[in-house]
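Q: got a sequence here, can you model it:
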Amino acid sequence: MMLSLRRPRRFYRRKLRLILFFLTVLIPIAVLMLQATQLYRKDSVYIAISNNFHETVDAETDTPRRQNAGKILSRRVQKFSNFIVELNNSDAHQFDSGVLHFSYKSDHMDTQKTFLEEYSGYDSFPTIQTSSKYRGYIYTMGVGQELSQCTRHLLELCLYAATSNRKCVTPQMRNGAMKIGGQPFGEFFNVSRLNKQLRRFGYSELASDEEFWTNCDGERKTVIVVFYEKPVKKGSLQFFAPDDKLGMYERVKKHGWLNCTKEIVKVPKMFKKYENNTDYYCLEPNLFGNLKTFNEKILGDSRCVFITQWNEQYKVNWRKLTRHGAPGAFKILYWFLHPSLEIINEARAFQEERIERPYVAIHIRGAKFKNQSFLRPCFDIALEFVNALRRTRKVKTLFLSTDMSKFGGVTNKDKHSHQLFADVSGAVIYDPEVTRMLKGRDRWKVSLTEVRLLSQSDHLITIGQGSFGGFIRSRYLWEHRDKQNWTLSTICKETARRFV
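A: Below is the predicted model:
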């Protein structure tokens, strides 16, 4: 009998596992270690056209040992302002500060010109003809995420509601949340001005809570209960008994949607009066992507519709819903959503009391820094910008805004660095107690007042990345669309998210 020379299968399986381990674990770790030993540099573009000095700076920095990154960057930052001054007064094209590489090229795209061309292009956009009579209302009981994202989602709901010719009802604002119960939306934003643009671009108008109840008090209601996630929290999906929540979730995931009126056992207080005059539909959020089913099977002829929660809808093709040539929800937010008169008056009063022009403003989005050790060096760079502006532009005041105060976002647990950064820089920080004009000390009212002060500054520097920073920069560009002698600088946008 001859012995078989074939190796057992378990030998090959073991070999295959070793190969997979090498490819999926060891090689990626080696790549990350290699990246961690490099000092990143990225080009920054300075544009100088017709008395405008538009600055865009991205700082990316890493070191062999990440904990030493801040020290190395700080040692080099002292050279920074000399190069800014030299750049501002020279015809040379390139400079190297030892921190970043700067290129100055007059043929680069002018940010102000680009902004004006796109923004003014909407002036000639023809008003979309829609029915002057709306079929009803969609009232969301809550919108997810922070201020800029939350407001964008609400504007997307206006676009979605337009597909069934229903108005979108503004939820109230309450200490960093958009939900039923709180201060009117109109105390934060200029609703009448926004509605003109929404109508023009094919979105549904925003209706007030008062208008909704005036027209819907005696009408039959439809409540859409959305299952965004498995109901594990004790307080989630209050409509159902605790033991029924998971079963309902599984049924909804299987069928997409169902009439769940008979399964409702806990009617919220606001619906108690209409307990026998309300239909409930349970659905999973992917169904929002099926407009035909949603509008015909669920909404039907209902005039008064509630949605328990409206978050980002990944299955909705927003580009397809947006009329050709019209701005998307992001651009509506950035360019056509203006603060309320209360916010404008508050910012003006504080500015007259504490800020002397010309002034430079710094905004820090600290929550977006994965490694907080990079935040202080980035702030040091910003202060070098400020020093250069003091010498070359005669800046008199530094205004500072961050998300690291008691009014900051819920995503940032640091509520103390705001004052620390102000102390080391001598910056003015906003305090609603100075004027005492705001109706309530709502966190989002404070944020919007700071956005107004930032956008009105003569020079703006933003540190970090995120949609709120984009909102601030866009408001600044809009406010300076026909002005001269301003600068806009973005620092450490990539650094904030690169390093863990």
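Q: and residue 149, how far from residue 279?
A: 31 Å (CB to CB, to the nearest Å). C-beta coordinates here come from the backbone N, C-alpha and C atoms, glycine included.
Q: with residue 456 instead?
A: Distance from residue 456 to residue 279, by CB to CB: 49 Å.
Q: comparing these two, which residue is more hemmed in?
A: residue 456 (21 against 17; other CB atoms under 10 Å).
Q: for the residue nearest to that one when sequence neighbours are not counted, give its distance to residue 452.
A: Leaving aside its sequence neighbours, residue 456 sits nearest to residue 479 (CB to CB, 6 or more residues apart in numbering; 6.2 Å). Separation of residue 479 from residue 452 (CB to CB): 9 Å.
Q: contact partners for residue 379?
A: 362, 364, 421, 425, 463 (CB atoms under 8 Å, 6 or more residues apart in numbering).
Q: how does it look with 10 Å?
A: By CB atoms under 10 Å, 6 or more residues apart in numbering, the contact list for residue 379 reads 77, 362, 364, 366, 400, 402, 417, 421, 424-425, 461, 463, 491-492.
Q: before we move on, what about residue 335?
A: Contact analysis of residue 335 by CB under 10 Å, 6+ apart lists 115, 118-119, 122, 197, 327, 474-475, 477-478, 481.
Q: just the buried ones from those?
A: 115, 119, 122, 197, 327, 474-475, 477-478 (16 or more other CB atoms under 10 Å).
Q: returning to what we had before: please say which of residue 479 and residue 452 ends up with more neighbours.
A: In terms of neighbours (other CB under 10 Å), residue 452 is the more surrounded of residue 479 and residue 452; the figures are 22 against 16.
Q: after the helix or strand where the more buried one lies, next one along is what?
A: Residue 452 belongs to helix 443-455 when assigned by DSSP states H and E. Remark: after helix 443-455, the chain's next helix or strand is strand 459-463, criterion DSSP H and E.
Q: circling back: so which of the contacts of residue 335 comes closest to residue 311?
A: Ranked by distance to residue 311 (CB to CB), the contacts of residue 335 are led by residue 327 at 21.7 Å.
Q: from residue 156, how far off is that closest one?
A: For residue 327, the distance to residue 156 - CB to CB - is 12 Å.
Q: between these two, what contacts are shared?
A: 203, 333.
Q: could you check the angle strand 459-463 makes with the longest helix anywhere in the chain?
A: Looking across the chain with DSSP state H, the single longest helix is helix 375-393. Going by axes from the mean of the first three to the mean of the last three CA atoms, to 10 degrees, helix 375-393 is angled at 170 degrees with respect to strand 459-463.
Q: next secondary structure after helix 375-393?
A: strand 397-402.
Q: got the buried residues for that following strand?
A: 397-402.
Q: now the helix or strand that contains residue 154 against helix 443-455, angle please.
A: Assigning secondary structure by DSSP H and E places residue 154 in helix 147-162. For helix 147-162 against helix 443-455, the angle between stretch directions is 100 degrees (the same axes, to 10 degrees).
Q: and the next element down the chain from helix 147-162?
A: Counting by DSSP H and E, what follows helix 147-162 is strand 166-169.
Q: which other helices and strands does the helix or strand just after that next one contact?
A: Later in the chain than strand 166-169, the nearest helix or strand by DSSP H and E is strand 172-173. Here strand 172-173 touches helix 147-162, strand 178-179, helix 443-455, going by 3 or more CB pairs under 10 Å, 6 or more residues apart in numbering; DSSP states H and E.
Q: list of residues touching strand 172-173?
A: Counting by CB under 10 Å, 6+ apart, 147, 150-151, 178-189, 209, 440, 442-445, 448 sit against strand 172-173.
Q: how far off centre is it?
A: 17 Å (CA atoms, centre = their mean, to the nearest Å).
Q: and the longest helix of the chain with strand 397-402, angle?
A: 160 degrees.
Q: now stretch 368-381: buried residues?
A: Under 16+ other CB under 10 Å, the buried positions of stretch 368-381 are 368-369, 371, 374-381.
Q: could you give the mean pLDDT of it?
A: When pLDDT is averaged along stretch 368-381, the result is 77.
Q: what's the end-to-end length of it?
A: Length of stretch 368-381, first residue to last, CA to CA, to the nearest Å: 18 Å.
Q: and what of stretch 365-379?
A: Start-to-end span of stretch 365-379 (CA to CA) is 11 Å.
Q: nothing else from me, thank you.
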